[in-house]
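*Asks:* structure of the sequence below:
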Amino acid sequence: MQKGIKFRAYPNKEQQNLINQTLGCCRLIYNKGLAMRNVAYENGFKVGYSHTSAMLTELKKTSDFAFLKEVDSIALQQSLRDLDRGFVNFFQKRAAHPTFKSKHNNHQSYRTVNQRDNIRIVDKYIKLPKLGYVKIKQSMEVGKINNVTIERTPSGKYFVVLNVDFEPELKSNKGGSIGIDVGIKDFYSDSNGNVVHNPKYLEKSMRKLAREQRKLSRKQKGSINRNKQRIKVALIHEKVANQRNDFLQKQSTMLVRENQTICIEDLNVKGMIRNHKLAKSIASVSWSKFFTMLEYKAMWYGNDVIKVPTMYPSSQTCSCCGHRNPLVKNLAIRNWECPECHTKHNRDTNASINILNKGLEVA
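*Replies:* Purely as a prediction, here's the structure:
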């Protein structure tokens, strides 16, 4: 199997300049390839990766684009492959039409491929094409490196994301089965009666974030002080993202280690975000990312993640007798009593038990 590993990088000034130059060149080639393909399709011609690659070769021969020879040639080719993949996804209706990249986007990255072991980790450094040895903060051992993505974040930090081969070691778990009902006030309730509260990292940082964004709005566009203030805002967003990611990683790992079967709802999160009253809260709690983590970790270690159909009325059904109470459709009702068997239910705990039972039935 393959997985991604992310390390913080500490390039020196010369390496930073070369990384920034490579990012600019990759963006230039991507945009030129996109323009070429757009014009070709408008005129009824079919253009693929081979045509844009030939265009790149011709550009390098001209004096106006001689600077393209100074950066990693594989990175330039990979930007054209990304463009080609974007068109494939578009024609197969998996994504929107590719758009031009902007230098004003503060999150930039490029990818390069490991050929003949030209990318490797040596002590506290990683050797990268053209850049040489870049200092990194390595937090774990890595296997065979397939490719590397070099990222520059809005806060001005640099990271290397390694795509590596690894053999997952099947870890023993407690063999349990659990149902998960996610929410906004509580992150999730499980069928064992446990409740994990939503840490609300974004909401806790909103006051500070609003203050720093007001300061940013007062700075003159294009000024050095505006860029300094932009970085302060970016650092707040970055901290929130790191806190949320750490929380999701720990919760998903705990569930995979303790349970063999995990049952979840097959939620249409993208559709739910269209509700403008709940969009911010749903985006902040990151259900999709949590479910993705559960799925890939379960695949690594041989667990089962079962998705219950979206329209299954888990909250309205009594987990004891199966009676469906349509009055519970109102989200304001958090506790209710079954009119048939008179069992008192907590809405979320009852839903998680029903999700578990339905998941085991589907499996």
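
*Asks:* mind telling me what element residue 59 is part of?
*Replies:* Assigned by DSSP states H and E, residue 59 belongs to helix 49-61.

*Asks:* list the contacts of whatever helix or strand comes next after that helix.
*Replies:* Moving toward the C-terminus from helix 49-61, the next helix or strand (DSSP H and E) is helix 73-91. With contacts defined as C-beta atoms under 8 Å, 6 or more residues apart in numbering, helix 73-91 is touched by 22, 25-27, 29-30, 33-34, 37, 48-49, 52-53, 56, 68, 95-98, 110-113, 115, 129, 147. Where C-beta positions appear, they are placed from N, C-alpha and C, glycine not excepted.

*Asks:* what about residue 12, how many residues nearby?
*Replies:* Residues lying near residue 12 (other C-beta atoms under 10 Å) number 12.

*Asks:* no, scratch that, I was asking about residue 96
*Replies:* Using other C-beta under 10 Å: residue 96 sits among 9 other residues.

*Asks:* need the nearest residue in space to residue 176, chain neighbours excluded.
*Replies:* The shortest distance from residue 176 to any non-neighbouring residue, by C-beta to C-beta, 6 or more residues apart in numbering, is to residue 259 (4.4 Å).

*Asks:* what about the helices in this structure?
*Replies:* Ranges of helices within the chain are 13-42, 49-61, 73-91, 201-218, 224-258, 269-272, 279-285, 287-301, 347-362, based on DSSP state H.

*Asks:* now do the first one: distance to the chain's middle.
*Replies:* Centroid separation between helix 13-42 and its chain, computed with C-alpha atoms, centre = their mean, to the nearest Å, is 23 Å.

*Asks:* again with the shortest one
*Replies:* Going by C-alpha atoms, centre = their mean, the spacing between the C-alpha centre of helix 269-272 and its chain's C-alpha centre is 16 Å.

*Asks:* kindly report the same for stretch 165-184.
*Replies:* With C-alpha atoms, centre = their mean, you get 20 Å for stretch 165-184.

*Asks:* buried set for it?
*Replies:* For stretch 165-184, the neighbour count (16 or more other C-beta atoms under 10 Å) marks 173, 177, 178, 179, 180, 181, 182, 183 as buried.

*Asks:* identify the residues contacting the fourth one.
*Replies:* Listed by C-beta under 8 Å, 6+ apart, the contact set of residue 179 reads 190, 191, 263, 264, 352, 353, 354, 355, 356, 357, 359.

*Asks:* before we move on, back to that, tell me the pLDDT of the residue nearest to residue 176.
*Replies:* Reported pLDDT at residue 259 in the predicted model: 90.
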